[in-house]
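**Student:** the following block contains a protein sequence and its predicted model.
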Amino acid sequence: MLNDWSKMQGIYLQHFIGGALCLPAVLGYDQPWACSLACLGVLSEMGWEMSDMADIVITRSTAVDGKERIPDTLVMIMTIHHSMTLTLGLPLVMKYRNLLTSTYI
């Protein structure tokens, strides 16, 4: 667990920044800049999800102990989790970026 400490700090930092970008829209600011920041937060999260999936696939397929480090159950859970972000986030940014209630997703 301690071997992943630096990676976990990166995950926490990315989620904190992505959430902070969404904060003005969640607090009720209905100006265009708040929606743009929320979209930036969603795109940041989507980028992280794609990067993490690539890391999982590369680790799983190239590392000698890849199946031990990333078991099948974790691959399934992470695939579902990451695909939910991509299937919810992309339409939100492309079609509903100015809809204030979309920031609560």
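**Tutor:** Ah, there it is. Owing to the predicted nature of the structure, the values given are computational and were not obtained by experimental measurement.
**Student:** okay, and S44 sits in which element?
**Tutor:** helix 32-62 (DSSP states H and E).
**Student:** let me know the average pLDDT across the helix or strand hosting I80.
**Tutor:** I80 is part of helix 72-95, with elements assigned from DSSP H and E. Average pLDDT, helix 72-95: 88.
**Student:** which of the residues in it are buried?
**Tutor:** Using 16 or more other C-beta atoms under 10 Å as the test for burial, helix 72-95 gives M78, H82, T85, G89, L92, V93. All C-beta atoms are positioned from the backbone trio N, CA, C, and that covers glycine.
**Student:** wait, what's in contact with the nearest residue to the last one once chain neighbours are set aside?
**Tutor:** In space, V93 comes closest to C39 once its chain neighbours are excluded; the distance is 4.9 Å by C-beta to C-beta, 6 or more residues apart in numbering. With contact taken as C-beta atoms under 8 Å, 6 or more residues apart in numbering, C39 is in contact with L92, V93, R97.
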